[in-house]
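Student: The following comprises the amino acid sequence and a computationally predicted model.
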Amino acid sequence: MAIADDLQNCWYGDRASPWWSLPLAVLYGGVTAARRWMYRHGWLRSERLPVPVIVVGNVVAGGAGKTPLTIALVQGLRDRGFTPGVVSRGYGGAARAPMLLGAQPDPAIAGDEPALIRMRTGAPVAIGAKRADAARLLFSEGTSVIIADDGLQHYALARDVEICVVDGLRRFGNGRLLPAGPLREPESRLRDVDFIVCNGGDERNGEAPMQLLISNAVALVEPARTSPLAAFAGKRVHAIAGIGHPQRFFDALRAVGIDPIAHPFPDHHHYTAADLAFGDGLPVLMTEKDAVKCRAFAQTDWWSVPVTAELPAAFFDAVAARLKPSST
């Protein structure tokens, strides 16, 4: 078993973290706390942009639902009169300089999540290791508010609203910092954010509930062709998930009566045709994030399963109310 898988079992299971991870967690905690202190006290500079910035992130390593929430925020803010743009690091892509994405970005260059957000929303998306540099590319698009996807710990970009997404089922695991646990920052960091969104499970007091809904499958080779997931009920399929928490996807398929052969891949995996060469003719269902990387060699019976984040309208109203009046 790989070290990463072994650690995941410790973080979210009953096994104790390996002894060597404990001093590293103390060191990691000291470094991250010192870094945040320096930003708070001006020793390191945060750059403020001329439009409001919303940061969407989490305090755990791995997926919690940030990208579906970012997509939902784009539409929710549009409905309330804003012109949102999205900025991302572009993790997993080959781009080294800040760039504005075209309508059909190459995920190998832009990264899978920014490519998905651009194609799903049509909103302007810019990527760059320095998010402020990337964000400036959005100004030419008439952007009135910037959403930073996965930027909670990127303190070099000043923010007006912080939203932390929490996996409602796994929560914070064993509560330890990396690598002894899944936490990028202590759980106490949540006291400083503006909104906490609970993805699935039972939300706690003050958290906004979010549900990820699936309904139709979209053919990779012919995106105009869709099929209700009910058409796959009772059938054996290959299920592909290269996301932070693959089990969530497999469980969602089982919940609608599908019998998946689960194929978890590492988050941001770079697929080749050989990865999906199962040789048995069964349909292949995958997440949208995986689909953007597999279309170039897709086959007829390969399907993407989009998810839609559903949140209360009051949540979007509250986020919009936090933004500067001059931006509307």
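Tutor: The structure has been received and is ready for your questions.

Student: pLDDT score for the residue lying farthest from the centre of the chain?
Tutor: Largest separation from the mean C-alpha position in the chain: Asp280, at 32.0 Å (Cα atoms, centre = their mean). We have a pLDDT of 90 for Asp280.

Student: For it, grab phi and psi.
Tutor: When read as degrees, to the nearest 10, the backbone of Asp280 gives phi -120, psi 0.

Student: Ok, Pro52 next?
Tutor: phi -70, psi 150.

Student: Kindly report the same for Asn216.
Tutor: phi -110, psi 160.

Student: and if you look at the one 5 residues further on?
Tutor: Reported as degrees, to the nearest 10, the phi and psi values for Val221 are phi -80, psi -20.

Student: what's the spacing between it and Ser227?
Tutor: 13 Å (Cβ to Cβ, to the nearest Å). Every C-beta, even on glycine, is put in place using the N, C-alpha and C of the backbone.

Student: anything in contact with each of those two?
Tutor: The contact sets of Val221 and Ser227 do not overlap (Cβ atoms under 8 Å, 6 or more residues apart in numbering).

Student: Centre of the chain to stretch 12-26, how far?
Tutor: 25 Å (Cα atoms, centre = their mean, to the nearest Å).

Student: Can you list the neighbours in contact with that stretch?
Tutor: 6-7, 9-11, 170, 173-174, 176-182.

Student: Go through the residues you listed and flag which are in helices.
Tutor: If you go by DSSP state H, the contacts of stretch 12-26 have 6-7, 9-11 in helices.

Student: Report how many residues lie close to the residue nearest to Leu229 when sequence neighbours are not counted.
Tutor: Nearest residue to Leu229, sequence neighbours excluded (Cβ to Cβ, 6 or more residues apart in numbering): Val256, at 5.1 Å. Val256 has 14 neighbours, counted by other Cβ atoms under 10 Å.

Student: Make sure Val256 is actually in contact with Pro228.
Tutor: No: counting by Cβ atoms under 8 Å, Pro228 is not a contact partner of Val256; they are 9.4 Å apart.

Student: Now Val197, what are its backbone angles?
Tutor: With angles defined as degrees, to the nearest 10, Val197 sits at phi -110, psi 130.

Student: Name whatever forms a beta bridge with it.
Tutor: Beta-bridge partners of Val197, counted by DSSP bridges, are Val165, Ala208.

Student: right, and the secondary structure at the residue lying closest to Trp303 once chain neighbours are set aside would be what?
Tutor: Spatial nearest neighbour of Trp303, excluding adjacent residues (Cβ to Cβ, 6+ apart): Ala217 at 3.9 Å. With DSSP: H, G, I helix; E, B strand; the rest coil as the basis, Ala217 sits in strand.

Student: same thing with Ala94?
Tutor: Under three-state DSSP, the three-state class of Ala94 is coil.

Student: where's the residue farthest from the centre of the chain relative to Arg204, distance?
Tutor: The gap separating Asp280 from Arg204 is 44 Å, by Cβ to Cβ.
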